Each structure stands twice: as structure tokens, then as C-alpha cells.
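[1] only geometry, no sequence info:
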């Protein structure tokens with residue numbers, strides 16, 4: 001009897017800590033999104049750009065990815081060399097964090113749509129993989145319809161966004177390889193000196 005009580009309470013405690021960890025991760029990503037929007041509002045000295053930026057980030061994350069990817073492709077990378085190597089790398093990592101927040105928002109969208117599809121379409125909680133496949137289709141359909149109806153892009157913009165991201169990936173990986181070379185060279189010169 002005691003083993004059953006301990007195992008039941010241990011499983012419940014693990015779930016509570018699991019939800020707490022997910023909440024903390026979500027809080028960090030949402031905090032950065034809010035801070036970015038607030039900074040835009042403070043710079044404009046108006047509250048309207050804050051609402052517009054939050055709406056764009058939450059409702060059209062694929063457009064944000066497409067804009068980011070096109071900027072990377074046009075500039076042939078995000079990393080700008082500065083006299084101090086780490087200064088340029090800090091700006092580069094901040095831009096990469098911005099794209100990670102968009103991917104996190106897409107994951108939230110997929111999680112909500114998968115939950116809806118499990119409860120409404122499939123009527124079965126054990127069909128997790130199927131619900132995520134349906135969620136991906138629904139996500140792209142909703143993005144296509146919303147973007148096209150709001151004249152923010154073409155109906156194929158969400159698909160083009162991920163195509164552009166694949167084209168931009170080599171430009172994003174190159175500075176990280178350079179960072180690795182600098183760190184290795186600094187460590188080798190410190191060891192030999």
C-alpha cells in the first residue's frame with residue numbers, strides 16, 4: 001500500500017515539475033517577445049505599434065521567418081564584422097534568438113491545433129502523432145488563408161518562408177563556424193604561450 005502511494009505521488013510530482021518547466025520556458029520566450037514589442041512602442045512613443053507587432057508575431061510567425069530569411073539572403077548573412085569580434089557575435093546571436101522565438105510560437109500553434117484535432121476531429125487522446133499531422137496541415141492552411149485575406153503576402157507565403165529559410169541556413173551557420181575557429185585558435189595560442 002505504501003509503495004502505491006509513493007509511486008502515485010512521485011508521478012504526480014514529476015508532472016507538476018514538468019508543467020512548471022514548460023511554463024518557465026514559455027515565459028522566457030514570451031517575455032522576449034513582449035520586451036521587443038515594448039521597445040518598438042517606446043521608440044515610436046505610441047501604443048499602436050506594440051499591438052501591431054504582437055499581432056504580427058502571434059498571428060503570422062511564418063511571415064516573420066520569411067522576412068528574416070530574405071534579410072539573411074540579401075545581406076549574405078546576418079553577422080557583421082566589428083573591430084571587436086564578440087560585439088558582432090552578440091548582435092548575431094540576438095537575431096538568431098528572434099528566429100527561435102518565432103519557431104517557439106509555431107510550436108505553440110501546433111500544440112493547440114493538435115489538442116483541438118484530438119478532441120474534435122479524432123475523438124481519441126491516444127492518436128498523438130495523427131493529431132500533430134493534422135495540426136501541421138491546419139496551421140499551414142490557417143496561415144495561408146489569413147495572410148492572403150489580410151493582403152500581407154501571397155497564399156503560398158508560409159511555404160515560401162520555409163523554402164527561404166533553407167536557402168538562408170548556410171549564411172547562418174558560417175559565423176558559428178568562424179566563432180569555433182576563433183575560440184580554438186585563442187585556446188591554442190594561450191596553451192602554447
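    On my side now, so go ahead. Everything numeric in this text was worked out from a predicted model, so none of it was measured.

[2] doesn't residue 66 make contact with residue 102?
    No - using C-beta atoms under 8 Å, residue 102 makes no contact with residue 66, being 10.0 Å away. The way it works is simple: take the backbone N, C-alpha and C, and place the C-beta from them, glycine included.

[3] quick one: pLDDT of residue 164?
    Note for residue 164: predicted pLDDT of 90.

[4] That one sits in which helix or strand?
    Counting by DSSP states H and E, the element that carries residue 164 is helix 157-192.

[5] Which parts of this structure are helices?
    Applying DSSP state H to the chain gives helices spanning 2-44, 48-59, 61-75, 85-116, 128-149, 157-192.

[6] Out of those helices, which is closest to residue 122?
    Closest approach to residue 122 among the helices of the chain is made by helix 128-149 (5.9 Å; C-beta to C-beta).

[7] Which elements pack onto the closest one?
    Packing contacts for helix 128-149, counted by 3 or more C-beta pairs under 8 Å, 6 or more residues apart in numbering; DSSP states H and E, involve helix 61-75, helix 85-116, helix 157-192.

[8] Can you point out the buried residues in it?
    Buried residues in helix 128-149, defined by neighbour count with 16 or more other C-beta atoms under 10 Å: 131, 132, 134, 135, 138, 139, 143, 144, 146, 147.

[9] Could you pull up the residues touching the fifth one?
    Residues in contact with residue 138 (C-beta atoms under 8 Å, 6 or more residues apart in numbering) are 113, 117.

[10] circling back to that earlier point, may I see the buried residues of helix 128-149 organised as a markdown table, with distance to residue 93 and pLDDT added?
    Putting the buried residues of helix 128-149 into a markdown table (distance: C-beta to C-beta, whole Å; pLDDT from 0 to 100) gives the following:
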| residue | distance to residue 93 | pLDDT |
| --- | --- | --- |
| 131 | 34 | 85 |
| 132 | 30 | 89 |
| 134 | 35 | 89 |
| 135 | 30 | 90 |
| 138 | 33 | 92 |
| 139 | 27 | 92 |
| 143 | 27 | 90 |
| 144 | 32 | 90 |
| 146 | 31 | 88 |
| 147 | 29 | 88 |
